[in-house]
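# Sharing a sequence plus its predicted fold:
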Amino acid sequence: MTVTEAAAFLREHDNYLILTHKRPDGDTIGCAAGLCRGLRGLGKTAHICPGTGATPIFLPYLEGLMAPEGFAPDTVVSVDIAARSLFTDAGRPWLERGIDLAVDHHPSQEFFARQTCLDAGRAACGELIYDILKELGPVTAHMAAPLYVAIATDTGCFQYSSTTAATHRTAAALMDTGLDVFPLNKKHFRTKTWPRLQVERLIVERMHRYDGGKIAVAPVSLSLMEEAGAVEGDMEDIAAFLGQIEGVETSVTIRELEEGGCKLSVRTGAGLNASSVCALLGGGGHAAAAGCTVPGGLAEAEAAILAAIRQVQAEV
């Protein structure tokens, strides 16, 4: 489904529930908020599914948009969700009922919805949502703020290799609505909590380096989080941290999960496909940024991801 077809679909339907993925990032939250505001601007009934798990830094974008208890939608839309395993507990019943439209930018999209608007060439799903809303009418500053957050956070403030000229043009168009991006950039990219700094210190002390420093792995245990005094809100985009170290071409952040198992985030440079690496462990994503969740402890997860990296390296 093209952007134009997705816009036509949204124009023709009503009574929307919008779903985000679990362990939400700025892209899924920004897309949901921007789309919800845009649909309401058209006079549609639209809400975001509760139980997003959003951290405090993203909660303000959801204010006034959450579905009331007992809300029964006619149309269910997912944003920035590539796989069935990424649905929240609150969203999973709607997956079983059937997703009417999925809007996504991941090449690992599983096509679980009745209709899918997919463009894997986009740096962020927020770019797609902007293009869809633009077809429906003027994009206002009220809609632009969460969409800018979606795009900026998913591109590391436009620093990641996925960023394109089109990404910058979309950001410029959002700024043209009158949006002041300075407080958004300061909040998301130039401000760190003290616990976050302690997490980074402990990661540097305990990280493992391979291949002469070209591969860096950071096991982040629950005890490390406790030692740093950190909560989930302190960990936004922690996967990008190791990539700032000179000489690192592939970085892996392994988060121990309270419910068991580990969540791995892989970031790579040219020459190694992160999505191919994570696909070997049941995950997916983009060529330069991907993730997966595996059973077992940190040591087992590190051994598994290193084996996957070696396998993909051998196939190149």
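Looks like it arrived, so ask away.

# After the helix or strand hosting Ile18, which helix or strand is next?
Under the criterion of DSSP states H and E, Ile18 resides in strand 16-19. Next helix or strand after strand 16-19 toward the C-terminus (DSSP H and E): helix 26-41.

# Could you give the separation of that next one from the chain centroid?
Relative to the centre of its chain, helix 26-41 is centred 14 Å away, using C-alpha atoms, centre = their mean, to the nearest Å.

# Going by length in residues, pull out the top helix of the chain.
helix 298-315 (DSSP state H).

# Show me what it packs onto, helices and strands only.
strand 215-220, strand 250-256, strand 262-268, helix 274-279, strand 289-294 (3 or more C-beta pairs under 8 Å, 6 or more residues apart in numbering; DSSP states H and E). In short, each C-beta sits where N, CA and C put it, glycine included.

# export the ones you listed to TSV and tack on distance to Ser162, mean pLDDT and mean neighbour count?
Shown next, in TSV, are these (distance: least, C-beta to C-beta, whole Å; pLDDT from 0 to 100; neighbours: other C-beta atoms under 10 Å):
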stretch	distance to Ser162	mean pLDDT	mean neighbour count
strand 215-220	20	97	23
strand 250-256	16	97	24
strand 262-268	11	96	25
helix 274-279	11	94	24
strand 289-294	7	93	23
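
# Just send these back as JSON lines, with distance to His21 too.
Shown next, in JSON lines, are the helices and strands packed on helix 298-315 (distance: least, C-beta to C-beta, whole Å):
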{"stretch": "strand 215-220", "distance to His21": "20"}
{"stretch": "strand 250-256", "distance to His21": "16"}
{"stretch": "strand 262-268", "distance to His21": "12"}
{"stretch": "helix 274-279", "distance to His21": "15"}
{"stretch": "strand 289-294", "distance to His21": "11"}
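
# Out of the ones you listed, which gets nearest to Pro93?
strand 289-294 (20.7 Å; C-beta to C-beta).

# Run through who's touching stretch 139-148.
With C-beta atoms under 8 Å, 6 or more residues apart in numbering as the test, stretch 139-148 has contacts from 29-34, 37-38, 41, 61, 126, 129-130, 133, 171, 173-175, 177-179, 181, 184.

# For the most far-flung residue of the chain relative to its centre, which non-adjacent residue is spatially closest?
Computed with C-alpha atoms, centre = their mean, the residue of the chain farthest from its C-alpha average is Gly212, at 30.4 Å. Of all residues not flanking Gly212 in the chain, Gly247 sits nearest, at 7.7 Å (C-beta to C-beta, 6 or more residues apart in numbering).

# go on, Arg114?
Asp100 (5.5 Å).

# how close does that neighbour sit to Glu12?
11 Å (C-beta to C-beta, to the nearest Å).

# quick revisit: and the contacts of the strand holding Ile18?
Residues contacting strand 16-19 (C-beta under 8 Å, 6+ apart): 10, 32, 35-36, 39, 44-49, 67, 71, 73-79, 81, 87-88, 91, 94, 99.

# Can you show me the strands along the chain?
Counting by DSSP state E, the segments of the chain that form strands are 16-19, 46-48, 75-79, 101-104, 115-118, 208-210, 215-220, 250-256, 262-268, 284-285, 289-294.

# Now tabulate these in a markdown table and tack on distance to Val312.
Formatted as a markdown table, the strands of the chain follow (distance: least, C-beta to C-beta, whole Å):
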| stretch | distance to Val312 |
| --- | --- |
| strand 16-19 | 31 |
| strand 46-48 | 36 |
| strand 75-79 | 29 |
| strand 101-104 | 23 |
| strand 115-118 | 23 |
| strand 208-210 | 14 |
| strand 215-220 | 12 |
| strand 250-256 | 10 |
| strand 262-268 | 9 |
| strand 284-285 | 13 |
| strand 289-294 | 11 |
